[in-house]
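In: Below are the sequence and a predicted model; questions follow.
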Amino acid sequence: MIRQEQMQVVNQQQIATNIFELTLIGQQVLDMKQPGQFVHLRVSDQMEPLLRRPISISSIDKETLEFKMIYRADGRGTTLLSEKKPGDQVDVLGPLGNGFPIDKIEAGQTALLVGGGIGVPPLYELSKRLVEKGVKPVHVLGFQSKDVVFYEREFRQLGETYIVTVDGSHGHKGFVTNVLETLKDDFAVYYSCGPTPMLSALERMYPEKEGYLSFEERMGCGIGACFACVCETTKKTEADYVKVCSDGPVFESGVVRV
Amino acid sequence: MIRQEQMQVVNQQQIATNIFELTLIGQQVLDMKQPGQFVHLRVSDQMEPLLRRPISISSIDKETLEFKMIYRADGRGTTLLSEKKPGDQVDVLGPLGNGFPIDKIEAGQTALLVGGGIGVPPLYELSKRLVEKGVKPVHVLGFQSKDVVFYEREFRQLGETYIVTVDGSHGHKGFVTNVLETLKDDFAVYYSCGPTPMLSALERMYPEKEGYLSFEERMGCGIGACFACVCETTKKTEADYVKVCSDGPVFESGVVRV
Amino acid sequence: MNRLAVELPGLSLKNPIMPASGCFGFGKEYAKLYNLSKLGAIMIKATTLETRLGNPTPRVAETPAGMLNAIGLQNPGLTKVMENELPWLEQYDVPIIANVAGTLMEDYVGVAKSISQAPNVHALELNISCPNVKQGGITFGTDPVVAEELTRAVKEVSSVPIYVKLSPNVTNVNEIAKAVEAGGADGITMINTLLGMRFDTKTGRPVIANVTGGLSGPAIKPVALRMVYEVAKHVSIPIIGMGGVSTIDDVIDFLSAGASAVAVGTANFVDPFVCPNLIEQLPEKLDELGFETVSELVGRSHRL
Amino acid sequence: MNRLAVELPGLSLKNPIMPASGCFGFGKEYAKLYNLSKLGAIMIKATTLETRLGNPTPRVAETPAGMLNAIGLQNPGLTKVMENELPWLEQYDVPIIANVAGTLMEDYVGVAKSISQAPNVHALELNISCPNVKQGGITFGTDPVVAEELTRAVKEVSSVPIYVKLSPNVTNVNEIAKAVEAGGADGITMINTLLGMRFDTKTGRPVIANVTGGLSGPAIKPVALRMVYEVAKHVSIPIIGMGGVSTIDDVIDFLSAGASAVAVGTANFVDPFVCPNLIEQLPEKLDELGFETVSELVGRSHRL
Ligand SMILES: Cc1cc2nc3c(=O)[nH]c(=O)nc-3n(C[C@H](O)[C@H](O)[C@H](O)COP(=O)(O)OP(=O)(O)OC[C@H]3O[C@@H](n4cnc5c(N)ncnc54)[C@H](O)[C@@H]3O)c2cc1C
Ligand SMILES: Cc1cc2nc3c(=O)[nH]c(=O)nc-3n(C[C@H](O)[C@H](O)[C@H](O)COP(=O)(O)OP(=O)(O)OC[C@H]3O[C@@H](n4cnc5c(N)ncnc54)[C@H](O)[C@@H]3O)c2cc1C
Ligand SMILES: Cc1cc2nc3c(=O)[nH]c(=O)nc-3n(C[C@H](O)[C@H](O)[C@H](O)COP(=O)(O)O)c2cc1C
Ligand SMILES: Cc1cc2nc3c(=O)[nH]c(=O)nc-3n(C[C@H](O)[C@H](O)[C@H](O)COP(=O)(O)O)c2cc1C
Ligand code: FES
Ligand code: FES
């Protein structure tokens, strides 16, 4: 069920340059089912900035009713969000969309998780769930440079982890694909979230593999009503188009025309 | 000198129903010369609400660099202002305008100070200055009802004080004029701030007396450039019009056509 | 007696609040959040003869207290709307206002003729003001002669009353309003969006793939109120007002300016419960202002 | 070389930032806050033949991310402006753009003829777009034939280049732009305010005593950018852009859209130091975007 809820800030923490981890508490956490779902946040009660911001859920704790998001404070909205302090309220609409399916892989199999920049966060909850299930995750995480790398330790605790930076200031130098080329492709399913060029590179690299990709698009409503976030589709689906907010953000590889 | 300054909230306190007293600290306090001047406040960094809000200075402490305002949280802007907490910054443009002249009265004389509602605050600093000078103030302060009366004790400490409420729930019942009719008119100068009907009643009541009245008008710039706050004048002045923000807000009685 | 009720041509509204076209799809998504029968009416997404896939993305961009959109009238087309969307909406006790769009006059006539026969469609809204399609749309809405002609043609074939949706992107909105009234319109809905742009400051490129988009939201409210106020003076058919409505005070202002009912667009994205919330707040607000019914409030600014 | 410099007809601007007419009086008040010689130019308050006392108050009202004004062209009149205001401004090293307004064509011609002879007036801005006066003003700005005629008449008598200030309250702004270009305008300034209203929700009365007012501020920026972008495609004379500019990104966006310089109106009320601040921020922003000069940036959106 989608709820609109005033959730309380439990913690706000800068974890890399301009990258923040925000922890909120509220009933909505009980409805958060899949890794890869997102929430639509109002960052201010005022009329400017007006629209909600979509941010992925990066980890869920049903026991404490807390969930975390990781985001880059960049434009007006995310900058205002980064100024929220413990005790402040945030208007959260969620959970929204369809996340990464974990029933497509079985215990004992290997999953490849590829994240780029601010696409990394939803992979964290995904990896935790896969590990719980007995799946072995391999993480390949790309960032611009050392100062914006986050959650390296957290991912390492869950499994094999490769960090890649464009400028080589940390981990491997280059793009995630440079590392992927050096890895065995004995994984059952791949999961990815990040910039569209990265997603399409993965599709080209693993045409035979089952893969699930999380897309981004500018949003209005966030719930499927306004047709803002529509993507063109390929022949793989009967639908003429898909909406990132309500049909996605995660789609099977090959469905969205990239 | 007019300055624009990020001033810090030292204290914010509700002192009556929807009435707040806000204390700010900053260099600008050194430039605050006359009681009855005002400041023009930005209540938010966001673009909505957009315009500054004019609020009178209600007391000044040059030693601590603090000044106080008293305001009613009513519309969007003042409500946002009332949410500011100690440590928060407020963008203050000031001090603005010309206040009440205290050189028009001499030690030993009596001054009549008449305030209505949210027009009461600037009279507090005025009264303090008059008392310092050896003038005897008589305060007649009108409010809607008991729950919005403020600063009664503070004014009583400075001199004779009559509280009037429209509904009679505190002090005398009726309008300030009902009390004024019962008082001797042995004062040298009267000073007033409040709703325009009150100001014009005073002018009619004391046509022969020297009086100084503080006016309100919707403002744009607050410094005299935009012609938003213009008032028509009478024959008493050569000017075709006056601007409340830069010529006022205090004018000699009879100057502004009411 | 229901103090919120409003009677308009074809529409017995239980209250004067309805979602604006294009901001509510065909209701399915919001139906998951609340009971659509609470609404005064629903203005469904523009329907065209054929399926439309709309414009490339990005289709929306935020602006100060507003947003731009260039969806481009994406919709499943007349047949699917008649077969899937409208029948599904029949489960709710709410009149539907079908927003009709097209490229040629024949398109409007074709859609209007069919869709006006759906049992729950109680009125049509002729979208002669969509700024986001290359042909049709706004061009019909900026020329009084063409607007009148189109209104007349649609009126002839429609089995329900027709409301014409006016564009604010004109020099003289009264002229267009009078033209559609002369053409037989039963009512007016206004305003559609103002044409605007946003640039990506880094690259200098327009953010909206379609280059320009329609500006909506609180930013345009002053323009919408002014136009409603003016048109109310010039026509005698009722107006459904919209443009930046998000609070109960906005609702009151539009009614005061002369609108008989109010539509809510962009605010649905900010607060998906805005329509039921406004409906709930309305009686108390009437009390506060000392009005017994919504109808008493309509056009009060003209009577002061 | 000064990378911020811009050369326009009559105007050698040391930078492309100037206060917009009516938002800066005749400079005296802001001169107390900073040195006016920092500014690219100053657009002074509209000047009419006779003294004008303007409209009744309230003359301003706040709206979402914007404001309404209906000052009504209050100004001391041509003689006093020539005798007091312009000579006083001579102490600053800054070109003055004199905003000229009137009721009849003769008024414009009369003001233009005299004021263009003041030594520090380097250009005129014909205000054919003021929405707040009953006659003249906006009526000249909505009819291309009249606009062209007025431009031609003023051009004939003016000793300095003339810029015509366009109204956004039109169906087709390009048409007006082309008309004034044909009439001999040396440049265009745009946009003036959008017509709007605000109501006092309690009473239902319009807040502005004049009933309607002109909408300005960030809310209108998308409309202004769209119009500048369009007009830049249709005329070959330069444009001074305005409408909601308050940040350095806004400045860049207007330049990208095709404005050669940028005027700042409402933002002066929000931040009285906005003009010098923007001027100070501009070089760094050019570096960030990889442009050597302001001129390189002008119109870049059209070249992508
Ligand atoms: C499904 C989904 C999940 C996301 N998850 C994350 C996340 O976990 N962490 C994170 O840092 N970012 C995430 N993003 C991107 C995030 O939504 C944008 O960074 C954010 O909206 C930018 O807002 P702003 O106020 O900083 O920028 P502004 O430039 O002020 O934004 C202006 C407008 O553009 C929209 N916008 C700008 N950039 C984007 C973008 N990349 N995608 C969609 N809308 C955008 C904003 O929402 C707003 O409406 C996600 C986006 C989507 C669609
Ligand atoms: C010189 C001067 C001194 C003032 N001193 C005080 C004071 O000490 N304490 C106090 O409580 N109030 C004072 N006021 C009134 C105060 O400015 C308004 O109450 C306040 O601006 C309302 O803002 P809002 O956001 O609550 O209302 P909104 O309705 O959101 O305001 C909308 C717009 O209208 C303007 N506005 C609304 N009411 C008034 C008003 N009465 N006068 C001027 N502009 C108004 C606002 O500034 C804003 O631009 C003073 C006004 C002036 C002109
Ligand atoms: C995303 C979006 C899509 C829209 N689609 C349509 C449409 O299909 N038909 C139509 O007549 N108006 C459409 N509109 C205009 C709205 O119905 C409404 O007239 C306008 O947005 C002003 O109201 P608002 O400020 O409350 O949004 C759309 C508006 C938005 C924001
Ligand atoms: C209070 C006020 C007074 C104005 N007076 C004039 C004027 O006298 N002449 C004129 O051409 N424009 C006038 N304008 C319009 C501005 O010059 C400018 O075109 C408009 O406000 C849009 O810019 P902005 O959004 O930056 O304010 C006025 C605007 C305001 C807000
Ligand atoms: S954001 Fe509205 S349909 Fe996806
Ligand atoms: S508020 Fe601008 S002149 Fe007074």
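Out: That came through, no problem. Ligands and ions are numbered 1, 2, ... in the order given.

In: And for the residue of the stretch 151-300 of chain C found nearest chain B, the neighbour number?
Out: Nearest residue of the stretch 151-300 of chain C to chain B, counting by Cβ to the nearest Cβ: residue C:218, 7.4 Å away. The way it works is simple: take the backbone N, C-alpha and C, and place the C-beta from them, glycine included. By the criterion of other Cβ atoms under 10 Å in any protein chain shown, residue C:218 has 29 neighbours.

In: Excluding sequence neighbours, find me the nearest residue to it.
Out: Residue nearest to residue C:218 in three dimensions, not counting chain neighbours: residue D:64, with 3.5 Å by Cβ to Cβ, 6 or more residues apart in numbering or on different chains.

In: Give me the helices and strands touching the longest helix belonging to chain A, please.
Out: Determined from DSSP state H, the single longest helix within chain A is helix A:121-133. Under the contact definition 3 or more Cβ pairs under 8 Å, 6 or more residues apart in numbering or on different chains; DSSP states H and E, helix A:121-133 sits against strand A:59-61, strand A:66-72, strand A:110-116, strand A:136-143, helix A:152-158, strand A:189-193.

In: next one: the shortest one to chain centre, how far?
Out: By that I understand strand A:59-61. 13 Å (Cα atoms, centre = their mean, to the nearest Å).

In: for that strand, which positions count as buried?
Out: A:59-60 (16 or more other Cβ atoms under 10 Å in any protein chain shown).

In: Ligand 3 contacts on chain C?
Out: Applying Cβ under 6 Å from any ligand atom, we find that chain C lies next to ligand 3 at C:20-23, C:45-46, C:69, C:71, C:73, C:99, C:127, C:130, C:165, C:192-193, C:216-217, C:220, C:242-245, C:264-267.

In: Which helix runs longest in chain C?
Out: Under DSSP H, chain C gives helix C:274-289 as its longest helix.

In: Now do the phi/psi pair for residue C:194.
Out: Main-chain dihedrals, residue C:194, degrees, to the nearest 10: phi -90, psi 140.

In: Report the separation between it and ligand 2.
Out: 23 Å (Cβ to the nearest ligand atom, to the nearest Å).

In: which one is that residue nearest to, not counting chain neighbours?
Out: residue C:215 (4.3 Å).

In: Which strand residues bridge that neighbour?
Out: For residue C:215, the beta-bridge partners are residue C:68, residue C:194 (DSSP bridges).

In: For the stretch 1-150 of chain C, which segments count as strands?
Out: C:6-8, C:11-13, C:17-19, C:42-43, C:60-63, C:66-69, C:96-100, C:121-127 (DSSP state E, counting those that start in this stretch).

In: starting at the chain centroid, how far to the last one?
Out: Centre-to-centre, strand C:121-127 and its host chain are 10 Å apart (Cα atoms, centre = their mean).

In: same question, the fourth one
Out: Between the centre of strand C:42-43 and the centre of its host chain there is 8 Å, according to Cα atoms, centre = their mean.

In: Show me what counts as buried in stretch C:47-64.
Out: By neighbour count with 16+ other Cβ under 10 Å, stretch C:47-64 contains the buried residues C:47-49, C:52, C:54-55, C:57-64.

In: So which of these would count as near ligand 1 as well?
Out: residue C:62.

In: quick check, nearest of the buried residues of stretch C:47-64 to residue A:25?
Out: The closest of the buried residues of stretch C:47-64 to residue A:25 turns out to be residue C:62 (Cβ to Cβ; 27.8 Å).

In: for the closest one, which residues make a bridge with it?
Out: Applying DSSP bridges to residue C:62 gives these bridge partners: residue C:67.

In: you'd agree it is up against residue A:53?
Out: No. Checked against Cβ atoms under 8 Å, the pair residue C:62 and residue A:53 is beyond contact range at 9.6 Å.

In: can you list residues touching both of these two?
Out: Both residue C:62 and residue A:53 are contacted by residue A:77, under the criterion Cβ atoms under 8 Å, 6 or more residues apart in numbering or on different chains.

In: Need the helices and strands packed on helix A:121-133 in CSV (columns: mean pLDDT and distance to chain D).
Out: Putting the helices and strands packed on helix A:121-133 into CSV (pLDDT from 0 to 100; distance: least, Cβ to the nearest Cβ, whole Å) gives the following:
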stretch, mean pLDDT, distance to chain D
strand A:59-61, 97, 34
strand A:66-72, 98, 18
strand A:110-116, 96, 24
strand A:136-143, 97, 22
helix A:152-158, 96, 30
strand A:189-193, 97, 29
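
In: Minimum distance to residue A:164: which of the ones you listed has it?
Out: strand A:136-143 (4.5 Å).

In: Which strands or helices does the closest one pack on?
Out: Here strand A:136-143 touches strand A:110-116, helix A:121-133, helix A:152-158, strand A:160-165, helix A:176-180, going by 3+ Cβ pairs under 8 Å, 6+ apart.

In: Tell me if I'm right that residue A:144 and residue A:165 touch.
Out: Yes. If you go by Cβ under 8 Å, residue A:144 and residue A:165 touch, sitting 6.7 Å apart.

In: of those two, who's got more company?
Out: For residue A:144 versus residue A:165, neighbours defined as other Cβ under 10 Å are more numerous around residue A:165 (21 against 14).

In: quick one: pLDDT of that one?
Out: At residue A:165, the model reports a pLDDT of 96.

In: Across the sheet, point out what pairs with it.
Out: residue A:143, residue A:173.

In: Would you confirm that it contacts residue A:145?
Out: Yes. With contact defined as Cβ under 8 Å, residue A:165 reaches residue A:145; the gap is 5.2 Å.

In: which SSE is the residue nearest to residue A:252 when sequence neighbours are not counted in?
Out: In space, and not counting its chain neighbours, residue A:252 is closest to residue A:212: 6.0 Å by Cβ to Cβ, 6+ apart. Here residue A:212 is covered by strand A:210-214, with elements defined by DSSP states H and E.

In: Could you list the residues in contact with that strand?
Out: Outside of strand A:210-214, the residues within contact range by Cβ under 8 Å, 6+ apart are A:36, A:56, A:99-101, A:104, A:119, A:122, A:188-193, A:199, A:202-203, A:248-253, A:256.

In: What strands flank that strand, and is each parallel or antiparallel?
Out: Short version: by DSSP bridges, strand A:210-214 pairs with strand A:189-193 (parallel), strand A:250-252 (antiparallel).

In: That one close to ligand 1?
Out: No. Strand A:210-214 lies apart from ligand 1 when judged by Cβ under 6 Å from any ligand atom; the minimum separation is 7.0 Å.

In: okay, that strand in CSV with CA atoms only?
Out: C-alpha atoms of strand A:210-214 as CSV (Å, rounded to 0.1, in the frame of the first residue of the first chain):
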residue,chain,number,x,y,z
GLU,A,210,18.9,-12.6,-17.2
GLY,A,211,19.3,-9.1,-15.9
TYR,A,212,17.3,-6.4,-14.0
LEU,A,213,18.0,-2.8,-14.5
SER,A,214,16.7,0.2,-12.5
